[in-house]
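Enquirer: With the sequence up front, the predicted model follows.
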Amino acid sequence: MERDLGSRKVQRVGRGSYVISLPKEWVQMMKIGRGDEIIFRVQDDGSTILIPRKIFEGHGIKESKLREKWGYVKPEDNPASLARKITSLYVVGADIVHLQFKDKMCLQKHRSTINDLVKNILLGAEIIDESENEITIQILINHLNLPVEMALRRMAILALAANKEVISALKSEEEYFIKNISDLYNDVNRLNLYVIRQLKYYLERGLFKDLGFKSIKEFLGYRIVANDIRNIVNNALHVSNNIALLKKLIKNKTLLLNETLDEELYTQIINFCSLMHQTFEASLRTLFKRDYDEADKILSKMEEYSSIERNITMMILAKKMDPNIALVLGLILDALRRIIEYCRNIAEITLNRTVEEVALSYPRLNYERD
């Protein structure tokens, strides 16, 4: 039950320390003595919760306590719907998920979906127990073993690899590229769900400093970055499906092409792709290093990159090539154009999270006017 213990004035001690007295009634009630530690937890709205360490460690507020959730599955439940529910429980931070089924037949109906989800989608998840009417899933990966920044870096590497694979597939006669891109898509998706889970973990506990954040507002920026990286591989998968369809039509002689891929145009796209990849990696570095100046330099080049994209588009139109090839090239160019926007997003996020570090909070007294 909430109790009002009044208010206290903040006092400044020394050059940079602030002190506030604790309510005597609360201190006595919690049996706090001299030298005892108090844990501070910042909430989403900026308010703070004070927890005596002995209470935190002794009465079930431990951070190591596993969060268990139960789900009840009926025979008429859709497997895809169940997969979405398990995924949502994973994202919101459940450590153990107990799935209880009405009977053995119901479990068998959903087993393959659950196995595929655990194996291919949920990073760190394992089925640790199974009976005739229950499956138990536990998330075993520790957030300390794979920090958020490392996961985002890995996502970016995989997503850009998928984008590069798409362009290489234009000239390659091999057909395994679609599987490679699909595997990269699954890996990025797994890491994306993991990043969301971890960001929520730190957000709930107000542990923004553990991520190198200056304030709780920076969580949203990282969430946007993770989504942009996932979109890169989504676009790559979309384009690869179109390339695979085009190759299939050509192989079956359903579609006859009168020309091969223009070498000059292909070289221009390869160079533009390399430039976009370098810029995206640079934008991520500015984010992690909190580099305002470098982020600003990236933003100043956005119009130049857009101009390159427009010039390549004009080349495609001027070549008057087969419309099927032109369509695929247009999709690839659109995917690269989107990377420009993602670079812009990340650079702007960097500016927003660091501008207060480079801007003065007070006027310069000796500022000389021209």
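Expert: Cool, got the structure.
Enquirer: The helix or strand containing I127 packs against which elements?
Expert: Remark: I127 resides in strand 125-130, with elements defined by DSSP states H and E. If you count contacts as 3 or more CB pairs under 8 Å, 6 or more residues apart in numbering; DSSP states H and E, strand 125-130 packs onto helix 104-120, strand 134-139. In this view, the C-beta of every residue, glycine as well, is placed from N, C-alpha and C.
Enquirer: any idea how far A125 is from M30?
Expert: Look at A125 and M30: by CB to CB, to the nearest Å, they are 39 Å apart.
Enquirer: who has more neighbours, those two?
Expert: Higher neighbour count among A125 and M30: A125, with 23 against 16, using other CB atoms under 10 Å.
Enquirer: so what's the residue nearest to the more buried one when sequence neighbours are not counted up against?
Expert: Counting by CB to CB, 6 or more residues apart in numbering, V118 is the residue found nearest to A125 once chain neighbours are left out, at 4.7 Å. Listed by CB atoms under 8 Å, 6 or more residues apart in numbering, the contact set of V118 reads A125, E126, I127, I137.
Enquirer: Report the two of those separated the most.
Expert: A125 and I127 (8.0 Å; CB to CB).
Enquirer: Mutual contacts of the two, please.
Expert: Between them, A125 and I127 share the contacting residues V118, I137, judged by CB under 8 Å, 6+ apart.
Enquirer: The residue nearest the centre of the chain and V148, how far apart?
Expert: Residue closest to the average C-alpha location in the chain (CA atoms, centre = their mean): A226, at 2.5 Å. Using CB to CB, A226 is found at 9 Å from V148.
Enquirer: what helix or strand is the closest residue to the residue nearest to the centre of the chain other than its chain neighbours on?
Expert: Excluding the flanking residues, the one nearest A226 by CB to CB, 6+ apart is V195, at 4.6 Å. Assigned by DSSP H and E, V195 falls within helix 177-205.
Enquirer: in that helix, what's buried?
Expert: 177-178, 180-182, 184-199, 201-203 (16 or more other CB atoms under 10 Å).
Enquirer: on that earlier part again, quick one: the strand holding I127 to strand 134-139, angle?
Expert: Counting by axes from the mean of the first three to the mean of the last three CA atoms, to 10 degrees, strand 125-130 lies at 150 degrees to strand 134-139.
Enquirer: how far does strand 125-130 sit from the chain's center?
Expert: 25 Å (CA atoms, centre = their mean, to the nearest Å).
Enquirer: Run through who's touching it.
Expert: Y90, I114, N115, L117, V118, I135, T136, I137, Q138, I139, L140.
Enquirer: tell me the contacts of the second one?
Expert: Each residue near I114 by CB under 8 Å, 6+ apart is listed here: L82, A83, I86, L99, I127, I135, I137.
Enquirer: okay but the third one is in contact with L122, surely?
Expert: Yes. Using CB atoms under 8 Å, I86 makes contact with L122 at a distance of 7.5 Å.
Enquirer: before we move on, the earlier item: can you pull the residues that touch both of A226 and V148?
Expert: By CB under 8 Å, 6+ apart, the residues touching both A226 and V148 are V195, L199.
Enquirer: before we move on, back to that, and the contacts of strand 125-130, which is closest to C106?
Expert: Of these, the one sitting nearest to C106 (CB to CB) turns out to be I135, at 10.9 Å.
Enquirer: Can you read off the pLDDT for E25?
Expert: pLDDT, the model's per-residue confidence, is 85 for E25.
Enquirer: in stretch 302-317, what counts as buried?
Expert: Y305, I308, E309, I312, M315, I316.
Enquirer: who touches D296 in this structure?
Expert: Taking CB under 8 Å, 6+ apart, one finds A347, L351 in contact with D296.
Enquirer: quick check: mean pLDDT across the helix or strand containing I269?
Expert: Using DSSP H and E, I269 sits in helix 263-289. Computed over helix 263-289, the mean pLDDT rounds to 93.
Enquirer: for stretch 70-87, same thing?
Expert: Average pLDDT, stretch 70-87: 93.
Enquirer: For the residue nearest to V97 when sequence neighbours are not counted, give me its contacts.
Expert: Spatial nearest neighbour of V97, excluding adjacent residues (CB to CB, 6+ apart): I137 at 4.5 Å. Taking CB under 8 Å, 6+ apart as the criterion, I137 is in contact with I86, I96, V97, L99, I114, V118, L122, A125, E126, I127, I128.
Enquirer: just checking, the second one touches E68?
Expert: Yes. Using CB under 8 Å, I96 is in contact with E68, at 4.5 Å.
Enquirer: if you count what's nearby, which of these two comes out ahead?
Expert: I96 (16 against 12).
Enquirer: The more buried one bridge partners, please.
Expert: The partner list for I96 in beta bridges (DSSP bridges) reads E68, Q138.
Enquirer: going forward can the numbers begin at 32, since that is how I track them
Expert: Understood, numbering begins at 32; the last thing we discussed is I127.
Enquirer: worst-scoring helix or strand of this protein, pLDDT-wise?
Expert: helix 84-89 (a mean of 69; mean pLDDT, DSSP states H and E).
Enquirer: who touches stretch 302-322?
Expert: So stretch 302-322 is contacted by 180, 183-184, 187, 191, 194-195, 198, 243, 252, 256, 263, 323, 325-326, 329, 332, 336, 339-340, 343, 364, 367, 370-371, 373-374, 377-378, 380-381, 384-385, 388 (CB under 8 Å, 6+ apart).
Enquirer: out of those residues, which are buried?
Expert: 183-184, 187, 191, 194, 198, 252, 256, 263, 323, 325-326, 329, 332, 336, 339-340, 343, 364, 367, 370-371, 373-374, 377-378, 380-381, 384-385.
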